[in-house]
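Chemist: After the sequence you'll find the predicted model.
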There are 2 protein chains.
Amino acid sequence: MPETVVDQLRENLGQFSATERRVAHRLLAEYPMAGLQSATVLARQVEVSTPTVLRMVARLGFQSYPDFQRRLREELTAQLSSPLSKASQAIRGGRKQSRTTATEFADAVVQNIQETFSHLAAHEIDQVVKLLGDRKQRVHLLGGRFTDALARYLSVQLRIIRGGVNHLQDQEANWQDQVLNMDHRDVLLIFDIRRYQPSLLRLAKAASARQAKVLLITDQWLSPISRLALHVLPARISVPSVWDSNAALMAIAEALLAAVTRNTWEQSQRRMRDLEQLREQL
Amino acid sequence: MPETVVDQLRENLGQFSATERRVAHRLLAEYPMAGLQSATVLARQVEVSTPTVLRMVARLGFQSYPDFQRRLREELTAQLSSPLSKASQAIRGGRKQSRTTATEFADAVVQNIQETFSHLAAHEIDQVVKLLGDRKQRVHLLGGRFTDALARYLSVQLRIIRGGVNHLQDQEANWQDQVLNMDHRDVLLIFDIRRYQPSLLRLAKAASARQAKVLLITDQWLSPISRLALHVLPARISVPSVWDSNAALMAIAEALLAAVTRNTWEQSQRRMRDLEQLREQL
DNA sequence: CGGAAGTTGTAACGAACATTACATTTTGAT
DNA sequence: ATCAAAATGTAATGTTCGTTACAACTTCCG
C-alpha cells in the first residue's frame, strides 16, 4: 500500500488512460500545488475536461476530489514539519527494481558533481572563464568519442554570446588546416576522458606548439593532455554502470558558460539582441 | 514590505479585532494548511463566522479569498523547491553584489537532478527502457537547438550496444524522407525544452500519425509534444544563470542507457566485442 | 444612562465547483 | 470491415463556497 500520493500516482500511472496520464504528469511535475487548485482549473491547465481529472482521482481510490485535496494537505503538513523531508522522500520512493537503480544512478551523479566542484580550484575556473570571455581570443572546442557532444553543446551556446567560436568537426583530416593557423590568440578547449584518444593528444600537441592556449576538461585520472594544458578542470565520472557519466563535465561546461555570460553581460546582451533581429529577418 | 504571508499576519496582528485575531492565530499555528481549506471550513474550525475570515483576509490586502489561497500556494512551491539553499534564492531575488559562484551553480544542478529523479515514475522509465532495448524497434533521436547535443550523445552510445539507431540531423529537410518510412516499429525519442521548437512538434505529429511511438524528455513545464508522446520524462532545468541547465536531462539519458545496457547485457556484450574486433581491423 | 462607532453573526444571493448521466469519438479485436 | 469496449467530452444538476447586505450586539465616551 503506497504511503504518499506521489507514490500512488507513480504506481498507477500505467493503469491510466493517455489523457488521465497527462493530468498525473502535471500533478507530479508541480507537486503538490497543482492538486490544491480546483479540479476545473487543473483540467484547464492540461487542456482536458474536468471529468477526466475527477476520473483519474477516483481511480486513485479517492471518494471525491475534496477528499483528494484533504489528503494532499495532510501530507503537506507532515512533510513541512520534518526538516529532512526531501531525503526521506527520495528513499521511500519505490520498490521496483528500475526505479531503485535509477535513483542510485542519480545519487551517484549527484555525488560526482558535488565532489567535482569541491575539488575545483576557484583560481583555475576564473582563468578559464576569463579566456573564454576574451573577445580577442578565438575559441576552438572539441571532444572525444562521447564527449564531443559536450564540445558541440558548449560551442552552440558560446556562439550566441560571442564571435570567433569554432567547433572542430569529427573528421581528423579537417583539423590540420585549422591548427596550422593557430597562434597565441587561439584558445583550444578539449574534453577528454578515459579511454583517452591519441588523436586528441596529437592535436593538443600541435596546437600547443603554435602557442595556442590549451584548456582541458577531463576525468579525475587526468588525460595525458593535462601535461600540455594551461588549465585543467577534472571531473568525477564513475557511476553504477558499464559506462562513465559525463554529467559532471556538463555541469562544469554550464557553470563556465554562466560565468562568462555574467562577466561580459553588456557585450553578450548586445550580441544576443542583434542575433534576435537577424533571426526575425530570416 | 513583508515578503511572506506569515510576516504579513504577524505585522497586522495588532490591527485585527479579537475574533479576527483568532483566525490569524489559527493560520499561524497550522501554516499553511489552514489557509488552503475553504474559508467556511476554516471559520468552523475556529468557531467564527465565514465573513469574519473573509474580512481578516481582506484587511491583509487581498482582493479575494481565492487570491489569498493562490498566494499561499505560490509561497509553498517556492519553499518546497529550494529547502537547502537560501543563497540561491537571494540571488534569484536579484542582489547584484553577491556573485554567483561555481559552487552555487553546482548546488542548483544537484538539486535539479534530485528533484528530477524524485518525480520520475518507475513505470515510465521501465517502458522507455524496454522500448529502447527492443531490437525489433528502430530508434530515432533528435533534439532542439541546445538539446540536440544530448540526442547525439545518446545515439552514439546507444549505437554501440544495438543496431537500428538513427540520429536525425539538423537540417529539417532531411527529416521528411525518414519520417515517411516510419510505422509502428519506430521509436522517436525527442529532447525538447523551452523555448519549444515548432519544427520538433511538427515532426512529432508526422511520426505519431504514422504510428511511430514518440518518447519525450522535456522540462517540468512540458513541451507541447507531451500531448502526442507515449511516455514523458520531465526534468528540472532552472539554474542561477540566464541559461537553462541540461544537466538533469543528461542524467536521465545516462540512466536510461545504463538500464538498457543492463537489461540486454548478453546481446550488448556480443555486439561490443564484434565492434572491438572490427575496429582493430581498421 | 444614551448614543455612536465598531464588531460580529445571520441570511440571502450568485458564482464556481464537483458530480453525474449521456452522447460522441476512439480504440482494438475479430 | 464491423462491432464491442473503452475513453473522452458535453451538458445538466445539485452542492459548496465566497461574497454582500443588514441586523444584532458590544464597547466606550459623553
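Modeler: All right, it came through fine.

Chemist: after the helix or strand of chain A with the lowest mean pLDDT, next one along is what?
Modeler: When the helices and strands of chain A are compared on mean pLDDT, DSSP states H and E, helix A:85-92 comes out lowest with a mean of 37. Tracing the chain past helix A:85-92, the next element assigned as helix or strand by DSSP states H and E is helix A:97-119.

Chemist: So which bits of that following helix are buried?
Modeler: For helix A:97-119, burial by neighbour count (16 or more other CB atoms under 10 Å in any protein chain shown) applies to A:98-99, A:101-110, A:112-114, A:116-117. Every residue, glycine included, has its C-beta placed from N, CA and C.

Chemist: what residues are up against A:Ala102?
Modeler: Shown here is A:Ala102, whose contacts under the criterion CB atoms under 8 Å, 6 or more residues apart in numbering or on different chains are B:Phe117, B:Leu120, B:Ala122, B:Ile125, B:Ala255, B:Ala259.

Chemist: Ok, A:Leu9 next?
Modeler: Under the criterion of CB under 8 Å, 6+ apart, the neighbours of A:Leu9 are A:Ala24, A:Leu27, A:Leu28, A:Leu60, B:Ala121.

Chemist: cool, A:Met33 as well?
Modeler: Contacts for A:Met33 (CB under 8 Å, 6+ apart) come out as B:Arg73, B:Glu74, B:Leu76, B:Thr77.

Chemist: what do you get for A:Val48?
Modeler: Contacts for A:Val48 (CB under 8 Å, 6+ apart) come out as A:Thr19, A:Arg22, A:Val23.

Chemist: Among these, which one is most surrounded by other residues?
Modeler: A:Val23 (26 neighbours; other CB atoms under 10 Å in any protein chain shown).

Chemist: could I get the helix or strand that one falls within in CSV with only the CA atoms?
Modeler: In the assignment (DSSP H and E), A:Val23 maps to helix A:18-29. Coordinates of the C-alpha atoms in helix A:18-29 are reproduced here as CSV (Å, rounded to 0.1, in the frame of the first residue of the first chain):
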residue,chain,number,x,y,z
ALA,A,18,-3.5,8.6,-22.1
THR,A,19,-5.4,11.7,-21.1
GLU,A,20,-5.5,10.8,-17.5
ARG,A,21,-1.8,10.3,-17.6
ARG,A,22,-1.3,13.9,-18.7
VAL,A,23,-3.2,15.0,-15.6
ALA,A,24,-1.0,12.8,-13.5
HIS,A,25,2.1,14.2,-15.1
ARG,A,26,1.1,17.7,-14.3
LEU,A,27,0.5,16.7,-10.7
LEU,A,28,3.9,15.0,-10.4
ALA,A,29,5.7,17.9,-12.1
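
Chemist: Run the contact check for that helix versus DNA strand C.
Modeler: No - contact between helix A:18-29 and DNA strand C is absent, the nearest approach being 7.6 Å (criterion: CB under 7 Å from any atom of the strand).

Chemist: Now the element after that helix, going C-ward?
Modeler: Sequence-wise, the next helix or strand beyond helix A:18-29 is helix A:33-36, with elements assigned using DSSP H and E.

Chemist: For that following helix, which residues meet the burial criterion?
Modeler: Within helix A:33-36, the residues that count as buried by 16+ other CB under 10 Å are A:Met33, A:Ala34, A:Gly35, A:Leu36.

Chemist: Using JSON lines, please lay out those residues together with distance to A:Ile193 and pLDDT.
Modeler: Formatted as JSON lines, those follow (distance: CB to CB, whole Å; pLDDT from 0 to 100):
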{"residue": "A:Met33", "distance to A:Ile193": "40", "pLDDT": "84"}
{"residue": "A:Ala34", "distance to A:Ile193": "40", "pLDDT": "87"}
{"residue": "A:Gly35", "distance to A:Ile193": "43", "pLDDT": "90"}
{"residue": "A:Leu36", "distance to A:Ile193": "45", "pLDDT": "91"}
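
Chemist: I'd like those as JSON lines, with distance to DNA strand C appended.
Modeler: JSON lines is the format used below for the buried residues of helix A:33-36 (distance: CB to the nearest atom of the strand, whole Å):
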{"residue": "A:Met33", "distance to DNA strand C": "14"}
{"residue": "A:Ala34", "distance to DNA strand C": "12"}
{"residue": "A:Gly35", "distance to DNA strand C": "10"}
{"residue": "A:Leu36", "distance to DNA strand C": "10"}
